[in-house]
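>>> one predicted model, sequence on top.
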Amino acid sequence: MGNLLYEHAFNRLRTNEQLGYIVSMRTDILSTVYGLMLIIQSTFAPAYLSERARVFWNSVQDILNAYSDDDLRTIQDVAGSILAPPPQSLLQLSDTYFSEILAQTFVFDRAQRQTQYIQSLSSADLKRQMVHTAIGASALIPPSFRSCADWHC
């Protein structure tokens with residue numbers, strides 16, 4: 001989803017609204033839960049950036065409605081290859097196992113399950129899931145801000 005929305009976020013927030021030098025979006029994992037991270041490096045006030053980000057998140061439904069069912073099927077297939085690539089080394093495989101053990105979740109085939117779930121969704125269900133994720137992201141915007149001074153830049 002991050003890859004799908006990245007171009008829209010970049011075009012709207014950086015190119016059109018010129019909010020900052022860096023506008024990026026990516027999928028992030030926090031304690032085995034996938035989410036979205038929108039990054040805006042800017043000289044604008046955090047409250048203003050928060051409002052502009054919220055407006056973007058609230059437009060996700062319109063963005064997704066512009067995609068055809070065939071486009072979404074392609075996106076689902078690509079997501080599967082990104083989420084569940086076969087481990088390329090013993091180190092990657094052990095990272096998967098240790099992450100599950102440390103989280104005490106023990107779902108060692110999590111990526112494969114998530115891929116199967118994503119690929120089983122209809123286009124309408126996929127859109128609903130993505131909008132739900134974006135609305136959740138919109139609700140979490142204020143606590144995610146860090147000023148440049150926090151990062152010593």
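Good, I have the coordinates.
>>> please count neighbours and contacts with C-alpha atoms only from this point.
Fine.
>>> tell me where this protein has helices.
2-9, 46-58, 60-65, 69-83, 90-103, 110-120, 123-139 (DSSP state H).
>>> out of those helices, which gets the lowest mean score?
Mean pLDDT per stretch puts helix 123-139 lowest among these, at a mean of 73.
>>> reformat the helices of the chain as CSV; add mean neighbour count.
Converted to CSV, these look like this (neighbours: other CA atoms under 10 Å):
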stretch, mean neighbour count
helix 2-9, 17
helix 46-58, 17
helix 60-65, 15
helix 69-83, 15
helix 90-103, 13
helix 110-120, 16
helix 123-139, 16
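>>> figure out which of these is closest to Gly20.
helix 46-58 (9.5 Å; CA to CA).
>>> circling back to that earlier point, let me have the helices of the chain in CSV, extended by distance to Asp28.
Converted to CSV, these look like this (distance: least, CA to CA, whole Å):
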stretch, distance to Asp28
helix 2-9, 9
helix 46-58, 16
helix 60-65, 18
helix 69-83, 11
helix 90-103, 15
helix 110-120, 14
helix 123-139, 12
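>>> out of those, flag the one nearest Thr15.
helix 2-9 (9.2 Å).
>>> skipping adjacent residues, who's closest to Ala79 in space?
Counting by CA to CA, 6 or more residues apart in numbering, Thr115 is the residue found nearest to Ala79 once chain neighbours are left out, at 7.2 Å.
>>> in contact with that neighbour, which residues?
Ala79, Gly80, Leu83, Ala84 (CA atoms under 8 Å, 6 or more residues apart in numbering).
>>> ok, Leu126 touching Ile118?
Yes. Contact criterion CA atoms under 8 Å: Leu126 and Ile118 qualify, at 7.4 Å.
>>> most distant residue from the centre of this structure?
The outermost residue of the chain, judged against the average C-alpha position, is Leu90 (27.3 Å), by CA atoms, centre = their mean.
>>> wait, what's in contact with that one?
Taking CA under 8 Å, 6+ apart as the definition, Leu90 has no contacts.
>>> state the distance from it to Ala47.
45 Å (CA to CA, to the nearest Å).
>>> swap in Arg113?
Counting by CA to CA, the gap from Arg113 to Ala47 is 38 Å.
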